[in-house]
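K.L.:
For reference, the sequence and a predicted model appear below.
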Amino acid sequence: MSGHSKWASIKHKKALVDAKRGKMFTKLIREITVAAKTGGGDPNTNPRLRLAISTAKSGNMPADNIERAVKKGTGALEGISYEEVVYEGYGPEGVAVYVQCLSDNKNRTASEIRNIFSKKSGNMAGAGSVSWLFEHKGFIVVHQSKATEDQLMELVLNAGAEDLSKVGDKFEILTSPHDFEAVKKALEGAPIPYESADLQMIPKTLVSVSAAHARQVLALIEALEDQDDVQHVYANCDIPDEVMKEVA
């Protein structure tokens with residue numbers, strides 16, 4: 001978990017910067033629209049939409065923007081049709097990279113993703129090449145000042161969590177996608193506030209990356225995340241602490 005956790009920390013800091021640029025709002029609006037299109041516009045019966053709206057609200061997205069995105073998804077308002085597509089590849093030192101996109105033109109998106117891999121010392125691979133190296137999990141972060149380890153462990157394990165670990169000054173909770181909502185509700189009912197809660201692709205194993213190549217790996221991931229159609233990028237890299245501190 002350590003490598004994933006360190007990268008998750010960097011992703012969180014980058015998200016704050018993206019939000020200031022407006023880039024995060026664009027990605028969240030697409031996710032809300034697609035979630036409403038695939039599962040309906042009622043967040044009470046559509047877990048994906050409920051999570052997307054919750055994430056948007058935590059990023060201070062105006063309620064009007066959220067409402068318009070939902071209506072575009074359900075067809076109540078005219079909007080662009082986005083399709084979910086995944087690209088897989090490798091970075092320096094064999095790091096597996098899994099890229100989730102929402103695109104209105106798959107040919108354009110595929111070409112741009114391939115170009116980024118090529119320019120940033122990586123290469124695209126076929127479907128299924130790296131997806132087996134990741135697991136779909138709920139990932140919840142709670143600051144240690146908000147609960148004791150014993151208190152939190154009893155609460156989340158009883159709610160269905162798979163694992164609880166201490167990383168730095170935070171507790172990290174892993175759940176199956178099925179139990180993610182139940183664990184979140186248990187925390188909210190306690191109440192114990194969480195810093196973040198989302199569904200992620202968690203690497204099963206990690207690839208240790210040398211300091212010499214770590215910056216190349218991070219440059220590849222950042223370039224992919226900056227592409228407009230990309231929603232999420234996951235990698236199974238374990239980056240040296242000194243490099244992560246530099247990036248942070």
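P.N.:
Perfect, I can see it now.

K.L.:
Helix, strand or coil: sort out the residue in the chain sticking out farthest from the centre for me.
P.N.:
Residue farthest from the centre of the chain, counting by CA atoms, centre = their mean, is Ala76 at 28.2 Å. Per DSSP: H, G, I helix; E, B strand; the rest coil, the secondary structure class of Ala76 is coil.

K.L.:
what's the distance between it and Leu155?
P.N.:
39 Å (CB to CB, to the nearest Å). (Each C-beta comes from the backbone N, C-alpha and C, glycine too.)

K.L.:
Next: Pro177.
P.N.:
Taking CB to CB, one finds Pro177 at 19 Å from Leu155.

K.L.:
Which residue of those two possesses the greater neighbour count?
P.N.:
Between Pro177 and Leu155, counting by other CB atoms under 10 Å, Leu155 is the more crowded of the two (19 against 12).

K.L.:
How is this protein partitioned into domains?
P.N.:
2-74, 83-132+205-247, 134-203 (automatic domain parsing).

K.L.:
Let me have the ones you listed in CSV, extended by mean pLDDT.
P.N.:
Converted to CSV, the domains of the chain look like this (pLDDT from 0 to 100):
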stretch, mean pLDDT
domain 2-74, 82
domain 83-132+205-247, 92
domain 134-203, 93
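
K.L.:
In the chain, which strand is the longest?
P.N.:
The residue-count maximum for a strand in the chain (DSSP state E) belongs to strand 134-143.

K.L.:
Now that one: buried residues?
P.N.:
134, 137-142 (16 or more other CB atoms under 10 Å).

K.L.:
closest to Ser196 among those residues?
P.N.:
Val141 (4.9 Å; CB to CB).

K.L.:
looking at it, that closest one is touching Pro193, isn't it?
P.N.:
No - judged on CB atoms under 8 Å, Val141 makes no contact with Pro193 at a distance of 10.6 Å.

K.L.:
picking that back up, among the buried residues of strand 134-143, list the two that are farthest apart in space.
P.N.:
For the buried residues of strand 134-143, the farthest-apart pair by CB to CB is Phe134 and Val142; their separation is 23.2 Å.

K.L.:
would you list every one of the strands in this structure?
P.N.:
So, for the chain - with DSSP E - the strands run 83-90, 96-103, 123-125, 134-143, 163-167, 170-175, 196-203, 207-208, 230-235, 237-238.

K.L.:
between those strands, which gets nearest to Glu67?
P.N.:
strand 96-103 (19.2 Å).

K.L.:
What count of nearby residues applies to Glu181?
P.N.:
For Glu181, using other CB under 10 Å, the count is 17.

K.L.:
Tell me how far it lies from Met153.
P.N.:
19 Å.

K.L.:
Could you do Tyr82 as well?
P.N.:
Taken as CB to CB, the span from Tyr82 to Met153 is 40 Å.

K.L.:
could you pull out the helices for the protein?
P.N.:
Secondary structure of the chain by DSSP state H: the helices cover 2-21, 23-39, 47-58, 63-74, 106-119, 149-159, 180-189, 211-226, 241-247.

K.L.:
Dump those to JSON lines, plus distance to Gly128.
P.N.:
Supplementary listing: these in JSON lines, determined by distance: least, CB to CB, whole Å:
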{"stretch": "helix 2-21", "distance to Gly128": "21"}
{"stretch": "helix 23-39", "distance to Gly128": "22"}
{"stretch": "helix 47-58", "distance to Gly128": "23"}
{"stretch": "helix 63-74", "distance to Gly128": "28"}
{"stretch": "helix 106-119", "distance to Gly128": "16"}
{"stretch": "helix 149-159", "distance to Gly128": "32"}
{"stretch": "helix 180-189", "distance to Gly128": "25"}
{"stretch": "helix 211-226", "distance to Gly128": "19"}
{"stretch": "helix 241-247", "distance to Gly128": "30"}
